[in-house]
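*Asks:* Sequence first, predicted model second:
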Amino acid sequence: MTEKVRIAQLSCGPEYSGVQKEIYDAAAMVDAEVFFPDIALADVQQGFSEFGLDVRSPDLKLAIARAKALVEGRIDADAVFIATCFRCAEAAIVRNELRRYIHENSTLPVVSYSFTERTTSGTLLTRMEALTTIARRRALLAREEQEGITLGIDSGSSTTKAVIMKDNEIVGTGWLPTTEVLKSAEGVVDLALQEAGIRFEDIEAIGTTGYGRYLIGKKFNAQLIQEELTVNSKGAVYLADRQHGSATVIDIGGMDNKAITVQDGIPGTFTMGGICAGASGRFLEMTAKRLGVDITELGPLAMKGMGDTVPMNSYCIVFGTQSLVNALAEGSAREDVAAAACHSVAEQVFEQQLQEVDIKEPVIMVGGTSLIQGLVRAMGELLQTEIVVPPYSQYIGSVGSALLASGFIRGE
């Protein structure tokens, strides 16, 4: 029986808002155990004073003291989960400072989350799964080369992708819209096999990721069924040839976005959001449709425009689309509207999610939206850095799955 992963919880408020049970349930789903580090009363005052952050909340003072105990090795844990209420500004400051402090002073994987009363175990599941993966599978995540013939399938909310790798090279790809999960997966696998010129029987190991990972993993008897946070970060640094040192991975998806800091190919801190559709690839799809262009044409169109001439900053996809319609009705150029839409998405990701991780260069953008040049330009301008978009960036989950699955050929 696999030993439970012990996740230390640092928090303020989940017990009062009814979220604590959801945290316990999410951890149980991935065979992990959430616990509150046990410290003495004297340690609370000392830890809080030494940390140097003047806060008023007793719960936040306790969280600070517990963080110091973890970093100083007085408490054993495999990972850290930091949770505070999204309404509290003081808690937001402490949450970010604790996440940074633990990341910089220990090897513990850490994720921070601002919860609401509506937070469910399902919302937290991917985050818990990623924490347990990093704790359990560090050796597998350290893999830098693909071996043999492996298949990776990424069942995303908008599209399904497949990649076949052979001896550390991509030899086949498949891409289809996600309609029926299994049919879409079968379709992309057929496309990848055809391009690679090999038979399914030749595949030595299979990895799956994305929303439909469990269903297609069962269908294809996958050796690896893994959430997107660890898989995508691994695929990103592999394709960008940045497997050593630090990096930041940004994936703006159709339904949710991910920002991950990576050290030597292993995720350190990460955040995942999907509350506001105005900050997602879905909004860019709607923008392209309203402008009468294919999504593949939106990027080049945006590169010709000036986004700052069109107001568009709503977090809501409905109001964002309304801003888009109003701008066109007032005579704004399509190029400017396209550029404004890209800037709006980049700015919201910056405001909502990139504050939750420590941005470290190089910044690597992946996923289908990384092919929209206007979005990449907007993100680069906000972060004031040159964004790296590696080849095959739209297949990032499939590549990461195929790479990690090769570790199962020899039983790692």
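*Replies:* Everything's here; your move.
*Asks:* Who does Gln263 form a beta bridge with?
*Replies:* Beta bridges link Gln263 to Ser246, Ile266, judged by DSSP bridges.
*Asks:* all numbers from here: first residue = 54
*Replies:* Sure thing, new numbering starts at 54, so read that last one as Gln316.
*Asks:* neighbours around it, how many?
*Replies:* By other Cβ atoms under 10 Å, the residues close to Gln316 number 16. (Glycine included, C-beta is placed from N, CA and C.)
*Asks:* Check the gap between it and Thr324 for me.
*Replies:* Taking Cβ to Cβ, to the nearest Å as the measure, Gln316 falls 16 Å from Thr324.
*Asks:* Quick check: which element contains Gly384?
*Replies:* Per DSSP states H and E: Gly384 is located in neither a helix nor a strand.
*Asks:* OK, contacts around Val133?
*Replies:* Val133 makes contact with Ile60, Ala61, Gln62, Leu63, Ala120, Leu123, Ile155, Leu161, Pro162, Val163, Val164, according to Cβ atoms under 8 Å, 6 or more residues apart in numbering.
*Asks:* Not counting its neighbours along the chain, what's nearest it?
*Replies:* Excluding the flanking residues, the one nearest Val133 by Cβ to Cβ, 6 or more residues apart in numbering is Val163, at 4.2 Å.
*Asks:* pLDDT value on that neighbour, please?
*Replies:* Here, the pLDDT recorded for Val163 equals 89.
*Asks:* How about the one 5 residues further on?
*Replies:* At Phe168, the predicted lDDT confidence score is 88.
*Asks:* and Glu75, that's in a strand?
*Replies:* No. Applying DSSP: H, G, I helix; E, B strand; the rest coil, one finds Glu75 to be helix, outside a strand.
*Asks:* separation between it and Ala81?
*Replies:* Distance, Glu75 to Ala81, by Cβ to Cβ: 11 Å.
*Asks:* okay, those two: which has more neighbours?
*Replies:* Using other Cβ under 10 Å as the criterion, Glu75 and Ala81 rank with Glu75 on top: 20 against 14.
*Asks:* Which residue, other than its chain neighbours, is closest to the more buried one?
*Replies:* Spatially, and ignoring its direct neighbours in sequence, Glu75 is nearest to Ser174 (4.5 Å; Cβ to Cβ, 6+ apart).
*Asks:* didn't the one you found look like it was pressed against Val83?
*Replies:* No. Ser174 is beyond contact range of Val83, at 10.5 Å (criterion: Cβ atoms under 8 Å).
*Asks:* Of the two, which one has the most company?
*Replies:* Ranked by neighbour count (other Cβ under 10 Å), Ser174 and Val83 place Val83 first, with 20 against 17.
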